[in-house]
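Q: Okay, here's the prediction I keep looking at, along with the sequence it came from:
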Amino acid sequence: MVARIFTYLLRYGMLRIKQKASFLFHQLR
């Protein structure tokens, strides 16, 4: 159960990082 929650948080974190990275990338262009 804990592993499932950890995996969910990891995926959510990766998604947020991708969104923020793409946002910053567009801002620099």
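A: Ah, there it is.

Q: tell me which element residue 15 falls in.
A: helix 2-28 (DSSP states H and E).

Q: What mean pLDDT does that helix get?
A: Helix 2-28 comes out with an average pLDDT of 95.

Q: buried ones in that helix?
A: When neighbours are counted by 16 or more other C-beta atoms under 10 Å, no buried residue of helix 2-28 is found. Quick note: C-beta positions are derived from backbone N, CA and C, even for glycine.

Q: Pull the distance from that helix to the chain's centre.
A: 0 Å (C-alpha atoms, centre = their mean, to the nearest Å).

Q: That helix - contacts with which helices or strands?
A: Here helix 2-28 touches no other helix or strand, going by 3 or more C-beta pairs under 8 Å, 6 or more residues apart in numbering; DSSP states H and E.

Q: just use 30 as the starting number from now, easier for me
A: Shifting the count to begin at 30 puts that one at helix 31-57.
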